[in-house]
Structures are given as structure tokens and as C-alpha cells.
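Visitor: Structure for the following, please:
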Amino acid sequence: MNKRKTIIDVAKECGLSQATVARVLNGQQDIQVKEKTRKRVMSAAQKIGYRRNTLAVNFRRQQSNTIAISIPDITNPFFPELIKGVQEKMRDEGYSVIQLNNEWNPDIEQDHFQYMAQTFVDGAIISPSHSGTDFSTLEGIPFVLLTNSDLYSKYDTVGNNSKAGMRIALEHLYSLGHRKIALLVGGSMRSGPSWRYDLFSEFYREKGLTFPANFLVACDYSVNSTLSFLQARKSMEIFLNENPLPTAFFTSNDILGLAALQVANEKGIKVPEQLSIIGMDGIFSGEVSYPALSTVKKNRSEIGGISAQILLDKIKKPKDWSTKKVLLPCKLIERGSTGPV
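Guide: A predicted model of the protein is given here:
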């Protein structure tokens, strides 16, 4: 096995001092090196197969041109497009992206924060695993949170206006004549009392309707997408076996919506003739389901790009930083799973 080439080897090859070679190969700007000398060093390095030890350089400089993105569920189709938005922006600025998945586990999340601190990442974009996430380990590391929760008021946050998005979905169903709308929730992080339940109850009151208690169908929170789908299927089966059929379901994400749609199809319930279903997120799977799932689309790629830009600004100009709060609108996508009563 060939020994890794070092600066010493390059210096011997080009006949220059190790200090001069190090200045060229490490890109030091404090002392000028003649262009002829620089080309001589680079030619020798290429000839002998020298490769720069980036980790060692990063350790000395305590910077890495790397940022980390921490997510709770790598199986959730919500995240790939968001991460793509982060990567595109960071790549344009010369940064690499490390992706960390904590599986909704606070202990793993803290291990990842330790890793960020120990490897000198220049910054982080974080989707918190739970409402009590401790960020103290990241002291000195710029970070941006992917959330719309009021619980993180002192941090930089980027998210979608999910409350307004849910309202759009409910108003859409109401405009189609639906007065018996049920709510299926679960899967994502629970941040205190269910604002979805509160908004749902408020909607019923505003319309002069009575909200039946059994029209709230809840699955576990903070679980991966596969388990969330299976739990939603089971909850829907129980609900449909034990209760009169509502005219519509709003589901808090598309994974739950697809589960509800699948169970309805298996039971011979015609969608949307007998039951309308609308989800939230706008994942690709909803486009190819049968019927295609109506949804309230979130701007996942835009969230990624904006959070990356805020992080870059924070890295470059940390002094006198003012907290940034970005809340993006949602958009109704009407497909085949919703229709008039």
C-alpha cells in the first residue's frame, strides 16, 4: 500500500522549502508567493499524487466549509426536497452538507450536536426532534431552525404557515358543501397543546356547527413515516367500523392522507363521492395515488434555500445579528380526492 504523500514529499520534488510549499498548498494569504513559485509547487504536487488533508487544515483553522442539517425522520418524503434546496444554495457558496438523522430520539440528536461541535462545522440547519430540544451544546455555532412553532421565538426560524394552510383546506371543504369534517392528526413533532384541534374547533364554531368529539382521530406523534402510515391505517379502520361516515377528512400530513385513502378504497368507500380526503405537504406520492390526493402544498425547496441563505449570512456577519423569522404561505392543490357533497 502506497504511503500518503505529504508536504515534505512535495518540497523534495520541487526543491523548495516546506514553509513555502505549505503556504501554497494551504492557500495562505498572509504572505505573497510568486505565481511562478505557485505553479512549480502545484505541478510537483500533481506529479507525485499529493492530496490535501482537509481535516487537518480544518482542525488548525477551526473551520470546515461544511454545514450540518439535522432532521428527525429520513424516511419522511417531506425532507428530500427541502435538503436539496439547502444543498443547492450551499454548493454555490462552496460548502458541503452533512446530513444527520435522529429518528425522533433526543439522545441521538444531542450526540449529533456534540459531533457538530467536535468537527468544527461552520453552521447547522435543524428540524428539532421535540419541543424541549436543548441547543446549549451548539454555543458559538450559528444555526437556523426549521419550524413554525412559537416555542422557538428567540431563534432564527424558517417554516410554512401551517395554520393558514389548514384553514385553506377546511374552507375548501366547506365551499364544497361539507359540514361533517373529521380530523386525522399525528406523525410529526407535538409542540404542546394541539393547535390543530384548537383551530378545528374554532372553525366549527365560526360556521355555527357542532364539533363531534369522535371526529378527532389521533395517531402517535414523533414516529417515523412508515410507522405513522401503519398507525393511521389502523386508526382509520377503527373509526370507520365504529362511527357514522363523515363527508370529509382533513389529515395533518399527506402520509396520513394516503393511509386514509387506502383504507377507504379497501372498504369500498367511494372517494370523493362518499368521502373527500385532503392532506398537507404536497409530497410526490399524493400525485400518483388513486384518486390523486388533494393537498395543501408546503414550499419545501424554498424553505431549504431560504434557511441556507440565512445561515450563510449569519456565518459571514455574526456581529449585530437580528433574529430572523420567515413564514412562507401554503398553496391549495385540488386533485381527485375532494369533491362536492
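Visitor: Please count neighbours and contacts with C-alpha atoms only from this point.
Guide: Fine.
Visitor: So this protein: which segments form each domain?
Guide: Using automatic domain parsing, the domains assigned to the chain come out as 7-52, 64-158+300-327, 162-298.
Visitor: among the ones you listed, which is nearest R335?
Guide: Smallest distance to R335 across the domains of the chain (C-alpha to C-alpha): 4.5 Å, for domain 162-298.
Visitor: Now do the closest one, average pLDDT.
Guide: The average pLDDT for domain 162-298 rounds to 93.
Visitor: now do the same end-to-end measure for that domain.
Guide: This stretch, domain 162-298, spans 8 Å end to end (C-alpha to C-alpha, to the nearest Å).
Visitor: and Q274, what is it in contact with?
Guide: Neighbour list for Q274: 247, 341 [criterion: C-alpha atoms under 8 Å, 6 or more residues apart in numbering].
Visitor: at 10 Å what do you get?
Guide: Shown in contact with Q274 (C-alpha atoms under 10 Å, 6 or more residues apart in numbering): 245-248, 264, 268, 338-341.
Visitor: who wins for neighbours among these?
Guide: Among those, A248 has the most neighbours (other C-alpha atoms under 10 Å), with 27 neighbours.
Visitor: what's around K36, how many residues?
Guide: Using other C-alpha under 10 Å, K36 is surrounded by 8 other residues.
Visitor: Pull the residues that contact the helix or strand hosting it.
Guide: According to DSSP states H and E, K36 maps onto helix 35-48. Outside helix 35-48, the residues that touch it by C-alpha under 10 Å, 6+ apart are 5-7, 9-16, 20-25, 32, 34, 49-52.
Visitor: can you pull the buried residues of that helix?
Guide: Residues of helix 35-48 classed as buried by neighbour count (16 or more other C-alpha atoms under 10 Å): 38, 40-42, 44-45.
Visitor: mean confidence for it?
Guide: Helix 35-48 comes out at a mean pLDDT of 92.
Visitor: Next: stretch 314-332.
Guide: 93.
Visitor: And it, how far out from the chain middle?
Guide: Relative to its parent chain, stretch 314-332 has a centroid offset of 15 Å by C-alpha atoms, centre = their mean, to the nearest Å.
Visitor: Likewise for stretch 114-130?
Guide: For stretch 114-130, the separation from the chain centroid amounts to 14 Å (computed by C-alpha atoms, centre = their mean).
Visitor: same deal with stretch 286-306?
Guide: Centroid displacement of stretch 286-306 relative to its chain, using C-alpha atoms, centre = their mean, is 13 Å.
Visitor: Stretch 69-82 now?
Guide: Centroid separation between stretch 69-82 and its chain, computed with C-alpha atoms, centre = their mean, is 5 Å.
Visitor: Please enumerate the strands of this protein.
Guide: Remark: strands assigned in the chain by DSSP state E are 66-71, 96-101, 123-126, 143-146, 157-160, 181-185, 216-218, 248-251, 276-281, 294-297, 325-328, 331-333.
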